[in-house]
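Enquirer: Let me see the structure of the following:
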Amino acid sequence: MAQSVPKYTIFTLFLFSFLLHTQSNQFSENLSTKLNGFKREKLTHLHFYFHDIAAGDHPTVVNVAKPPTTNTSDALFGPIYVVDDPLTIGPNLTSKLVGRAQGMYALSSLSEFRLVMSLSYVFTEGKYNGSTLSILGGNSISAPVRELPVVGGSGAFRFARGYAVTKTHFFNATNEEAVVEYDVYVLHY
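Expert: So this is what the prediction gives:
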C-alpha cells in the first residue's frame, strides 16, 4: 500500500524550490568593496599629445561615411571618421609614443564645428601599459579649451571617471593634421 506524503512536506519542497530558483536568476546584488579588492581611490594626472593625421602616406584617421549634405553645411555636418591616432609625450610626432587613441568621431552639429567622440585611449608605456581610458562626449573643436568626460577604463584604470582638458597645439588644414594637447584627470582604484 502506497503511503501518502504529508501536505507540509510538499509545501516545504515547493517553497525551497521557489527560493532557489529566484536567487539563481537574480539581476543584481550589492557587493562589498572590501571583499572585491577595492582600495582607496587615486587621482592620476596624465599629460600627452594626440596626433590626428588625415593625409599623406600613413593617415591615422579615415572618413568612413560622408552624407551628400556635408559639403553644403556651414559646419560640415555628418561625416564619420575612424581613428588610430598616436599619443606622444611631446608635441612632435617623433617624441616618445605612450599609446594610441582608437575609435570614432563624427561632426555632429549643424551650427558649429563640434565632434561627438567615442575613443579608447590605449596606453603602451610604463605602469599603464595595457590599460585603457574611455572618453565619450562632445568636443567643440574651434574653442580654445575643451573638456571631455572620462567614462571608464580597464586595467589600472578600472572603474575610472574624470575629465580631459584639451587644447589644439597645432592645426594645418592643408596637410589635414592636428596635434591636440591633453591633460587628463582620472579617479580610479
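
Enquirer: Under the pLDDT cut-off, which ranges of this structure? List them.
Expert: 1-25, 31-38 (pLDDT under 70).

Enquirer: Quick check, central residue of it?
Expert: The C-alpha lying nearest the average C-alpha coordinate of the chain belongs to Ser134 (Cα atoms, centre = their mean; 1.7 Å).

Enquirer: and the strand or helix carrying it, which residues are buried?
Expert: Using DSSP states H and E, Ser134 falls within strand 132-140. For strand 132-140, a neighbour-count test (16 or more other Cβ atoms under 10 Å) marks Thr132, Leu133, Ser134, Ile135, Gly137, Asn139 as buried. For the C-beta atoms, the positions are set from N, CA and C on the backbone; glycine is no exception.

Enquirer: likewise stretch 62-77?
Expert: For stretch 62-77, the neighbour count (16+ other Cβ under 10 Å) marks Phe77 as buried.

Enquirer: Skip the chain neighbours and tell me the closest residue to Arg100.
Expert: Closest residue to Arg100 apart from its sequence neighbours, by Cβ to Cβ, 6 or more residues apart in numbering: Val122 at 5.1 Å.

Enquirer: Would you mind listing the residues in contact with the one you found?
Expert: With contact set as Cβ atoms under 8 Å, 6 or more residues apart in numbering, Val122 has these partners: Gly99, Arg100, Ala101, Gln102, Thr132.

Enquirer: What pairs with the one helix or strand it maps to, parallel or antiparallel?
Expert: Counting by DSSP H and E, the element that carries Val122 is strand 114-123. According to DSSP bridges, strand 114-123 forms sheet pairs with strand 97-107 (antiparallel), strand 132-140 (antiparallel).

Enquirer: Not counting its own residues, what contacts the shortest one?
Expert: In this structure, residues lying in contact with strand 132-140 by Cβ under 8 Å, 6+ apart are 46, 105, 108, 112-123, 146, 148-155, 157, 160, 164, 166, 184, 186.

Enquirer: Next, Glu181: phi, psi?
Expert: The phi and psi torsions at Glu181 (degrees, to the nearest 10) take the values phi -90, psi 130.

Enquirer: okay but it is in contact with Phe170, surely?
Expert: No. At 9.4 Å, Glu181 and Phe170 do not qualify as touching, with contact defined as Cβ atoms under 8 Å.
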